[in-house]
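Colleague: pasting the sequence and the predicted coordinates here, then a few questions.
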Amino acid sequence: MILAQVIGTVVSTIKNPAFAGHKLLLCQPLDPAGQPNGAQRVAVDRVHAGIGDRVLLLDEGNGTRQILGGDAAGPIRTLVVGVVDAVELST
Amino acid sequence: MILAQVIGTVVSTIKNPAFAGHKLLLCQPLDPAGQPNGAQRVAVDRVHAGIGDRVLLLDEGNGTRQILGGDAAGPIRTLVVGVVDAVELST
Amino acid sequence: MILAQVIGTVVSTIKNPAFAGHKLLLCQPLDPAGQPNGAQRVAVDRVHAGIGDRVLLLDEGNGTRQILGGDAAGPIRTLVVGVVDAVELST
Amino acid sequence: MILAQVIGTVVSTIKNPAFAGHKLLLCQPLDPAGQPNGAQRVAVDRVHAGIGDRVLLLDEGNGTRQILGGDAAGPIRTLVVGVVDAVELST
Amino acid sequence: MILAQVIGTVVSTIKNPAFAGHKLLLCQPLDPAGQPNGAQRVAVDRVHAGIGDRVLLLDEGNGTRQILGGDAAGPIRTLVVGVVDAVELST
């Protein structure tokens, strides 16, 4: 899994039916210092995350299918699976 | 999933039979500002996307097989699964 | 698998139930010289690793599901599967 | 899938039996302008591609196993699945 | 699959039982000119490769499980599956 921050939302009218009713969040992976770190992903929200939240991202289709229920997942492979309260670094 | 833009089409005569009848789109991943962001992918179109469209890309074989039907998917692992109308960023 | 170092812990209250009871470690991939090498991952600990330990990371959902038991794994795809005692390089 | 060019062949005597009888091609991913774009892959040829050909690469184990037949695929996860005749870019 | 060179060995006492009896090799991906090319992987040896050997790496869990036998593979996703004798480049 990776740490990321929700930076926006994605609106799509023409799409695979599996996305119906799912909120699409644009997420920016972060490094431990909170700086951007790699390419953004579009993820389906599963924990009512909002813009600005630091989150835990899962980017794998099989785990996603297990959470959403196999046939319902369809083309969804990226999920927000947790809201991060704190990252404690060694010092 | 990732945000991308359709930048071209790919023509291939000699290919695996699973590709027959599928349009192959060359897609450029984008960052939230709409700039190129990472390596291009060749994707099978599932939403009648056209050149210049911003799209939602799925790059995973198992989800692709679920959408196309198992045996029909064969070597296809990248699909255009949505046309993006808008990306709303936090400000 | 990749070499990494545990550099911190991640605290998340709102999360998928599959994470309950699992310690989340923030891990930094390392090169052979022990320098940072690529983006950090958040991993579930399976070997009682602590901050500062060099570890062996598995980043794949299917292997993770096999270790944790299918239904229990849910959204978990990254595990600490070993503590590294030594890396012996050719000279 | 990705666009690539066949730039060489790989000879391996000591190898997993699944590779017997397969030609191994060294492939360089390309950007739309035909420039090198990312790390090379070693792929099994399925379309009689030759050195210099632009090709369509599949880099996923499950799709590969479906094409080669499950048990026969073994450690093979990268295939040349098409020869590219043309890439038409938007202008 | 990718080309790599064995550059060292990894010693781990505390680890998942699936690793018992397996030699862990630290492998450096190479470009066609033999220069380092990307992040190192820790791989289980299946072809009696030694330090300095150029090898063919498989980095995918499902293929690995097929070779090692499903339950035995557990957290292993990276294997050395061939020793490379020669790379012949187009000129």
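Modeller: Now that the structure is in, tell me what you want to look at.
Colleague: what's the longest strand in chain A?
Modeller: strand A:2-11 (DSSP state E).
Colleague: tell me the buried residues in that one?
Modeller: Residues A:2, A:3, A:4, A:5, A:6, A:7, A:8, A:9, A:10 are the ones in strand A:2-11 that count as buried (16 or more other Cβ atoms under 10 Å in any protein chain shown). Every C-beta, even on glycine, is put in place using the N, C-alpha and C of the backbone.
Colleague: where does the nearest residue to residue A:85 once chain neighbours are set aside land on pLDDT?
Modeller: Distance criterion Cβ to Cβ, 6 or more residues apart in numbering or on different chains; nearest residue to residue A:85, sequence neighbours excluded, is residue C:11 at 4.7 Å. At residue C:11, the predicted lDDT confidence score is 93.
Colleague: residues contacting residue C:11?
Modeller: A:84, A:85, A:86, A:87, A:88, C:24 (Cβ atoms under 8 Å, 6 or more residues apart in numbering or on different chains).
Colleague: tell me where the model's unsure across chain A.
Modeller: Along chain A, the model assigns pLDDT under 70 to residues A:70-73, A:91.
Colleague: the residue lying closest to residue A:90 once chain neighbours are set aside: neighbour count?
Modeller: Using Cβ to Cβ, 6+ apart and skipping residues adjacent in sequence, the residue nearest residue A:90 is residue C:51, 4.2 Å away. Counted with other Cβ atoms under 10 Å in any protein chain shown, residues neighbouring residue C:51 total 15.
Colleague: same check on residue A:39?
Modeller: Using other Cβ under 10 Å: residue A:39 sits among 14 other residues.
Colleague: same deal with residue A:21?
Modeller: 7.
Colleague: phi, psi of it?
Modeller: phi 80, psi 0 (degrees, to the nearest 10).
Colleague: what's the separation between it and chain E?
Modeller: With distances taken as Cβ to the nearest Cβ, to the nearest Å, residue A:21 is found 31 Å from chain E.
Colleague: okay, how far is it across stretch A:59-77, tip to tip?
Modeller: With Cα to Cα, to the nearest Å as the measure, stretch A:59-77 spans 6 Å from end to end.
Colleague: go on, stretch A:34-41?
Modeller: 16 Å.
Colleague: what comes up buried for that stretch?
Modeller: Buried, per 16+ other Cβ under 10 Å, within stretch A:34-41: A:37, A:38, A:40, A:41.
Colleague: tell me the contacts of residue A:49?
Modeller: Contacts of residue A:49 by Cβ under 8 Å, 6+ apart are A:6, A:25, A:55, A:80, A:83.
Colleague: give me phi/psi at the closest residue to chain B within chain A?
Modeller: For chain A, the residue closest to chain B is residue A:15, as judged by Cβ to the nearest Cβ, at 3.3 Å. Note on residue A:15: its backbone torsions stand at phi -160, psi 170 [degrees, to the nearest 10].
Colleague: which residue packs closest to it, ignoring adjacent ones?
Modeller: residue B:82 is the one closest to residue A:15 (Cβ to Cβ, 6+ apart), at 3.3 Å.
Colleague: can you tell if the longest helix along chain A touches chain C?
Modeller: The single longest helix within chain A, with elements called by DSSP state H, is helix A:61-68. Yes - Helix A:61-68 reaches chain C (Cβ under 8 Å from any Cβ of the partner chain) through A:62, A:63, A:64, A:66, A:67.
Colleague: hang on, isn't the last one packed against residue C:75?
Modeller: Yes - with contact defined as Cβ atoms under 8 Å, residue A:67 reaches residue C:75; the gap is 5.7 Å.
Colleague: the more surrounded of those two?
Modeller: Legend: neighbour count by other Cβ under 10 Å for residue A:67 and residue C:75, higher for residue C:75 (25 against 19).
Colleague: where does the more buried one fall, secondary structure wise?
Modeller: In this structure, residue C:75 is located outside every helix and strand according to DSSP states H and E.
Colleague: and it, how close does it get to residue A:27?
Modeller: For residue C:75, the distance to residue A:27 (Cβ to Cβ, to the nearest Å) stands at 15 Å.
Colleague: and the helices in chain A, which stretches?
Modeller: Going by DSSP H, chain A shows helices at A:61-68, A:70-73.
Colleague: who are the packing partners of the longest one?
Modeller: With contacts taken as 3 or more Cβ pairs under 8 Å, 6 or more residues apart in numbering or on different chains; DSSP states H and E, helix A:61-68 sits against helix A:70-73, strand A:78-83, helix B:61-68, helix C:61-68, helix C:70-73.
Colleague: again, only this time at 7 Å
Modeller: Judged by 3 or more Cβ pairs under 7 Å, 6 or more residues apart in numbering or on different chains; DSSP states H and E, helix A:61-68 is in contact with helix B:61-68, helix C:61-68.
Colleague: what would these look like in CSV with distance to residue C:32?
Modeller: Output for the helices and strands packed on helix A:61-68, formatted as CSV (distance: least, Cβ to Cβ, whole Å):
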stretch, distance to residue C:32
helix B:61-68, 32
helix C:61-68, 24
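Colleague: ok, which of the ones you listed comes nearest residue A:19?
Modeller: The minimum distance between residue A:19 and those falls on helix B:61-68, with 11.7 Å, by Cβ to Cβ.
Colleague: need the residues that contact the closest one.
Modeller: A:16, A:61-62, A:73-75, A:77, B:46, B:58, B:73, B:76-77, B:79, D:60, D:62-63 (Cβ atoms under 7 Å, 6 or more residues apart in numbering or on different chains).
Colleague: so which of the residues you listed comes closest to chain C?
Modeller: Closest to chain C, out of all of those and judged by Cβ to the nearest Cβ, is residue A:62, at 4.9 Å.
Colleague: dump the residue contacts of residue A:51.
Modeller: Here residue A:51 is in contact with A:6, A:7, A:8, B:90 (Cβ under 7 Å, 6+ apart).
Colleague: ok, these vs chain E, which is closest?
Modeller: Closest to chain E, out of all of these and judged by Cβ to the nearest Cβ, is residue A:7, at 26.2 Å.
Colleague: I'd say that closest one and residue B:88 touch.
Modeller: No - judged on Cβ atoms under 7 Å, residue A:7 makes no contact with residue B:88 at a distance of 9.9 Å.
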